[in-house]
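# okay, predicted coordinates and the sequence, questions at the end:
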Amino acid sequence: MGEVSGDQLLWFLEQGHAADKREQLAILATVGGLGDRLGAVPLGGIDRCILKTHLDLITPQEDVIVVCKCGHCGEELEFQQSLLEILENSGQTEPASTTFEYDGQPYELRLPCLHDISAEGVILQNLNPSAPWSDEGFLRAAGEALSDADPTLNLSIALRCANCEEVFSDRFDPAQFLWNELTERAKALLDDVVVMAKALGWSESDIVTMSPERRNLYIDRLSA
């Protein structure tokens, strides 16, 4: 695992409690260093930032474990997946808008940003208030146009089920993937703080500034 300070992990756990999707993206993008640019960067750019953060801070090795279910037989599957490969396939540009034609008429769509997210998902009317969003055909065409303009908006992994040999693709959410991993590490650190503070009387700051390896030495001795 990569180097993430104990203070960063506890800050993340504190900020991330009961956060919704929009808040999760904002927190992870802040960890990734977007800072003042956050409001102007399209969602695809935020996801790329999160992928880079995962590679730089959490997982220096390229492969991570992805868990999903086969949509055909329901078997729970585990795959090794290269985050670097996902990042390379996500595209490197951050277009502000895209134009496509539907029913003989051109439409320009602004690519969604953080402020376009609600509890129900992306507020499509924000992307073009005059577009016919109630038309299902237009909705499909717009989704394809947005994905073509920025593939990071619809990242997926090609998979094959070892049980039934079904070939399928599964949506990959960089934010949720990193969120789960950071949460797991932060909770483990919090458990260490509680155990060591009770047993040794040390302060939180004393414990979280230790390296994980040194903390593990003390935890092992306390468990002996």
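Cool, the structure landed.

# per-domain residue ranges of the protein.
6-91+155-223, 97-149 (automatic domain parsing).

# mean neighbour count and mean pLDDT for the ones you listed - can I get that in JSON lines?
In short, each C-beta sits where N, CA and C put it, glycine included. JSON lines is the format used below for the domains of the chain (neighbours: other Cβ atoms under 10 Å; pLDDT from 0 to 100):
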{"stretch": "domain 6-91+155-223", "mean neighbour count": "15", "mean pLDDT": "87"}
{"stretch": "domain 97-149", "mean neighbour count": "14", "mean pLDDT": "95"}
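
# look through this structure and tell me its longest helix.
Longest helix in the chain by number of residues, with DSSP state H as the criterion: helix 174-200.

# how far does stretch 166-179 sit from the chain's center?
9 Å (Cα atoms, centre = their mean, to the nearest Å).

# for that stretch, measure first residue to last.
29 Å (Cα to Cα, to the nearest Å).

# hey, C-alpha coordinates of stretch 217-224 in CSV?
Output of stretch 217-224 as CSV, limited to C-alpha atoms (Å, rounded to 0.1, in the frame of the first residue of the first chain):
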residue,chain,number,x,y,z
LEU,A,217,4.6,-4.1,16.3
TYR,A,218,2.9,-2.7,19.3
ILE,A,219,-0.5,-4.3,18.4
ASP,A,220,1.2,-7.7,18.0
ARG,A,221,2.8,-7.4,21.5
LEU,A,222,-0.4,-6.3,23.1
SER,A,223,-2.2,-9.3,21.5
ALA,A,224,0.5,-11.8,22.7
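
# now do it: distance to the chain's middle.
Taking mean C-alpha positions (Cα atoms, centre = their mean), stretch 217-224 and its chain are 34 Å apart.

# go on, stretch 160-170?
Distance, centroid of stretch 160-170 to centroid of chain: 23 Å (Cα atoms, centre = their mean).

# which secondary structure elements does the next helix or strand after the longest helix of the chain contact?
Sequence order places helix 204-208 as the next helix or strand after helix 174-200, per DSSP states H and E. When contacts are defined as 3 or more Cβ pairs under 8 Å, 6 or more residues apart in numbering; DSSP states H and E, helix 204-208 packs onto helix 6-16, helix 174-200.

# and for Asp7, nearest residue in space, chain neighbours not counted?
Using Cβ to Cβ, 6 or more residues apart in numbering and skipping the chain neighbours, the partner closest in space to Asp7 is Val208 (5.9 Å).

# mind checking which of the helices and strands packed on helix 204-208 is nearest Leu127?
helix 174-200 (19.9 Å; Cβ to Cβ).

# contacts only, for Gln125.
Ala131, Trp133 (Cβ atoms under 8 Å, 6 or more residues apart in numbering).

# at 7 Å what do you get?
Contact analysis of Gln125 by Cβ atoms under 7 Å, 6 or more residues apart in numbering lists Trp133.

# and Leu155, by the same measure?
Contacts of Leu155 by Cβ under 7 Å, 6+ apart are Ile86, Ser90, Phe172, Pro174.

# re earlier: just checking, the residue nearest to Asp7 touches Trp11?
No - in this structure, Val208 is not within contact of Trp11 by Cβ atoms under 7 Å, at 10.2 Å.

# anything in contact with each of the two?
Counting by Cβ under 7 Å, 6+ apart, nothing touches both Val208 and Trp11.
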